[in-house]
Structures are given as C-alpha cells and as structure tokens.
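> Sharing a sequence plus its predicted fold:
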Amino acid sequence: MLLTTEASISLPVAKLVETLGARWKLSPRPHPEYPLSEARMRPDYAVEKSGRITGFLELKAPGHDVTPDGFTKGTGSRGS
C-alpha cells in the first residue's frame, strides 16, 4: 500500500497552482513554508501575485484531520 504524505503532494500542488494560474494569465508564485510570525504559524505555501501575497495553502495528507479541532498549537505549522 502506497502512503501519501504532505511532502509527496507538495510539489505537485505548487505546479498545479502555477499551471492553473498561467492558464488565466495570473502568474502566481507559490512560496513554500511561508512564515507568519504574527500568527505563529507557517502555512505550507503562500501564493504571490504581482508582488503581493494573495493567499495561503495548507496541505494535509489523506486521512488527516482538516478541522480546526485537529490542528496542533504552537508548532509553527498546523498539525500534520
């Protein structure tokens, strides 16, 4: 049985963001492990467009809880 982890889906998700963005001429740039010190967290990706951060992506491996109750606190990144 092949297990899927966040690390194994990280690069394909970044490529998906770039490819879909290019299709609509948005030219997004994903930035991995983007630190948000004021929120004490590090999303898996920040997405930049035209020099500004426009959103964040938090990846979860299949089978992992994606509800706020499933997040861990104070780890720099949400729980895995």
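That came in fine, so what should we check first?

> ok, R42 touching P32?
No. Contact between R42 and P32 fails when scored by CB atoms under 8 Å: they sit 9.5 Å apart. C-beta here means a position set from N, CA and C on the backbone, and glycine is covered the same way.

> Mind checking which of the two has more residues around it?
R42 (18 against 13; other CB atoms under 10 Å).

> separation between that one and L57?
12 Å (CB to CB, to the nearest Å).

> give the contact list for the residue lying closest to L26 once chain neighbours are set aside.
Leaving aside its sequence neighbours, L26 sits nearest to K49 (CB to CB, 6 or more residues apart in numbering; 5.9 Å). Contacts here follow CB atoms under 8 Å, 6 or more residues apart in numbering; on that basis K49 touches G21, L26, S27, P28, R29.

> can you map out the strands along this protein?
Assigned by DSSP state E, the strands in the chain fall at 29-32, 45-49, 52-57.

> what stretches of the protein score poorly on pLDDT?
Within the chain, the set of residues satisfying pLDDT under 70 comprises 1-4, 70-80.

> E58: neighbour count?
When counting by other CB under 10 Å, one arrives at 14 neighbours for E58.

> Verify the contact between it and R42 for me.
No. Counting by CB under 8 Å, E58 does not reach R42; the two are 9.5 Å apart.

> Now for W24, how many residues are close by?
W24 has 8 nearby residues by other CB under 10 Å.

> if I look at it, how far off is G55?
14 Å.

> repeat for E6
18 Å.

> before we move on, what about Y45?
Distance from Y45 to G55, by CB to CB: 9 Å.
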